[in-house]
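> This is a predicted model, with the sequence first.
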Amino acid sequence: RIVHLNGAWVAEAEAKVSVFDRGFLFADAIYEVTAVIGGKLIDYAGHVARLKRSLDALGIPAPVSDETLLSLHREIMARNDLTEGLIYLQISRGAEDRDFLFSSDLAPTFVMFTQKKPVLGNPKWESGISVITWPEGRWVNRQIKTVQLLYSSLAKMEAKKAGADDVFLVEDGLVTEASSANAHIVTAGGVLVTRPLSNALLHGITRGSVLDLAARAGLAVEERAFSPEEAKGAAEAFITSASAFVMPVVAIDGKPVGDGRPGPVSRRLREIYIEDRLASAI
Ligand code: PLP
């Protein structure tokens, strides 16, 4: 792969970042992941808007203009023949001698790389995924998309150990989200229930798009937190993310959700999301 590093195009083996980088030492960095289908960027505007919110929240300056950012996305796709997969970008505060206090004039470290993978043809889609409930243990500013992903990574390893695909993280008896996706349920009455935005969860770009599309399709949407018990008794459950789109959750803690197969609302939302986002991809 050819990766982007601070304005240069570099073979991945040659792409080096300082051991004093604050992203490495303090997880002082933010990131974004954007899906690519047919050589086009899905939900790009939303990802860029959130990138800026994350940078603002940490006081890290944007390394490039909006125009340059878009042209870098196009160039990295072209240089890597990426027609379907993901573009990952990370911006850290920069490097200096290790100290909790940091200088205000650091040059950010800006990295971009691609991952080729089937996004539309995700094989999990037909079967759905299983989750286990797991205690929430991340820091309290989850609306900022930082690279502090250790807790989420360990939690997902626990899911794997238990023979499941992912976790529903639970705080004060309520589901926050999955390890790297937002969590939603559909009630027996056909209402889409999802936790409202707060610092308890990442403000997923796919979540926002799916809620808009669901409302436009005439589905009732209720933004409120739900418990693991309610999710287990729901008609359907699903997660949303840039890489999974709408992914049905068919079992929670070993118990089937609904009839244990992807339900009609999840299927419909996935279809609507893909159709609409492909039409507006850039
Ligand atoms: N929640 C968490 C913790 C995430 O890491 C992600 C994506 O990586 C999401 C939700 C979904 O966000 P998006 O739809 O913007 O990919």
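Nice, I can see it.
> Would you mind identifying the next helix or strand past the least confident helix or strand in the chain by mean pLDDT?
Here the helix or strand of the chain ranked lowest by mean pLDDT, DSSP states H and E is helix 124-127, holding a mean of 94. Toward the C-terminus, helix 124-127 is succeeded by strand 129-135 as the next helix or strand (DSSP states H and E).
> Which strands border that following strand, and is each parallel or antiparallel?
Sheet pairing here is set by DSSP bridges, and for strand 129-135 it gives strand 166-171 (parallel), strand 245-252 (parallel).
> pLDDT of that strand, averaged?
Average pLDDT, strand 129-135: 98.
> Could you point out the helix or strand that follows it?
Counting by DSSP H and E, the next helix or strand C-terminal to strand 129-135 is helix 150-161.
> helices and strands around that following helix, which ones?
Using 3 or more Cβ pairs under 8 Å, 6 or more residues apart in numbering; DSSP states H and E as the contact criterion, the elements in contact with helix 150-161 are strand 129-135, strand 166-171. To be clear about C-beta, it is placed using only N, CA and C from the backbone, and glycine gets the same treatment.
> go with 6 Å
Applying 3 or more Cβ pairs under 6 Å, 6 or more residues apart in numbering; DSSP states H and E, we find helix 150-161 packed against strand 166-171.
> Can you name the residues of the stretch 1-150 of the chain sitting close to the ligand?
Residues of the stretch 1-150 of the chain lying near the ligand by Cβ under 6 Å from any ligand atom: Val33.
> any weak-confidence spans in the stretch 51-200 of the chain?
Within the stretch 51-200 of the chain, no range satisfies pLDDT under 70.
> Smallest distance to the ligand belongs to which residue of it?
Ser180 (3.7 Å; Cβ to the nearest ligand atom).
> just to revisit the earlier point, what's the closest of the strands paired with strand 129-135 to Asp97?
Comparison of the strands paired with strand 129-135 against Asp97 by Cβ to Cβ identifies strand 166-171 as nearest, at 35.6 Å.
> can the closest one be found next to the ligand?
No: Strand 166-171 does not reach the ligand (Cβ under 6 Å from any ligand atom); its nearest approach is 8.6 Å.
> quick check: angle from that strand to helix 150-161?
Put simply, strand 166-171 runs at 130 degrees to helix 150-161, going by axes from the mean of the first three to the mean of the last three Cα atoms, to 10 degrees.
> Partner strands of the helix or strand following strand 166-171 and their direction?
Next helix or strand after strand 166-171 toward the C-terminus (DSSP H and E): strand 174-178. Using DSSP bridges, strand 174-178 pairs in its sheet with strand 166-171 (antiparallel).
> Name the residues that touch the partner strand?
The contact list for strand 166-171, computed with Cβ atoms under 6 Å, 6 or more residues apart in numbering, reads 129, 131-134, 136, 155, 159, 175-176, 178-179, 183, 228.
> Kindly report the same for stretch 99-115.
Contacts for stretch 99-115 (Cβ under 6 Å, 6+ apart): 3-6, 17, 21, 60, 63, 76, 80, 82, 85-94, 96.
> quick revisit: could I get the contacts of strand 166-171 as TSV with neighbour count?
Formatted as TSV, the contacts of strand 166-171 follow (neighbours: other Cβ atoms under 10 Å):
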residue	neighbour count
Ile129	23
Val131	28
Ile132	21
Thr133	19
Trp134	24
Glu136	21
Ala155	22
Ala159	21
Val175	29
Thr176	20
Ala178	29
Ser179	24
Ala183	27
Pro228	18
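> Verify the stated contact: Ala183 with Leu174.
No: counting by Cβ atoms under 6 Å, Ala183 stays clear of Leu174, with 10.4 Å between them.
> ok, for the residue lying farthest from the centre of the chain, nearest residue in space, not its chain neighbours?
Distance from the C-alpha centroid of the chain peaks at Asp97, with 31.4 Å (Cα atoms, centre = their mean). Take Asp97 and drop its neighbours on the chain: the residue closest to it by Cβ to Cβ, 6 or more residues apart in numbering is Phe20, 6.3 Å away.
> how is the chain carved up into domains?
What automatic domain parsing lists as the domains of the chain is 2-116, 126-279.
> how far does the last one stretch from start to finish?
Okay, so that is domain 126-279. 23 Å (Cα to Cα, to the nearest Å).
> Next: the shortest one.
Distance between the two ends of domain 2-116: 12 Å, counting by Cα to Cα.
> any idea how far the residue nearest the centre of the chain is from the ligand?
For the chain, the residue nearest the mean C-alpha position is Ser241 (4.6 Å; Cα atoms, centre = their mean). According to Cβ to the nearest ligand atom, to the nearest Å, Ser241 stands 4 Å off from the ligand.
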